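Trainee: test case, fold it:
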Amino acid sequence: MKYTAIEESERVSPGEYLFHEPTQEVVLCGSVIYDNKIIKALGSKGMLSDKFENYKKIRLTKQEKIATHQTQCKGCGG
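Mentor: Predicted coordinates:
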């Protein structure tokens, strides 16, 4: 797993997990304000509102994606 800076041209989606550098924790993106370059996210201590520069995207390697990918739900029994 790597953390990469959010580029100007990249889109950040609500519901995406991001790394917040000042608190050193993984947070859930709630909303993105592109005009002011602010991301509001949910962390362990509540809502955070901070600049794009303080967040990093989480990138998984190919092996990590394969290891976490599940082809069927357990309810199907197949």
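
Trainee: check the most centrally placed residue in the chain and give its pLDDT.
Mentor: Ranked by distance to the mean C-alpha position of the chain (CA atoms, centre = their mean), the top residue is Tyr17 at 2.1 Å. On the pLDDT scale, Tyr17 is placed at 94.

Trainee: and for Gly75?
Mentor: Model confidence at Gly75 (pLDDT) stands at 68.

Trainee: do Met1 as well
Mentor: At Met1, pLDDT is 84.

Trainee: is it true that it touches Leu60?
Mentor: Yes: with contact defined as CB atoms under 8 Å, Met1 counts as touching Leu60 (5.9 Å). No exception for glycine: its C-beta is placed from N, CA and C like everyone else's.

Trainee: would you list every one of the helices in this protein?
Mentor: In the chain, the helices defined using DSSP state H lie at 62-68.

Trainee: what stretches of it score poorly on pLDDT?
Mentor: 70-78 (pLDDT under 70).
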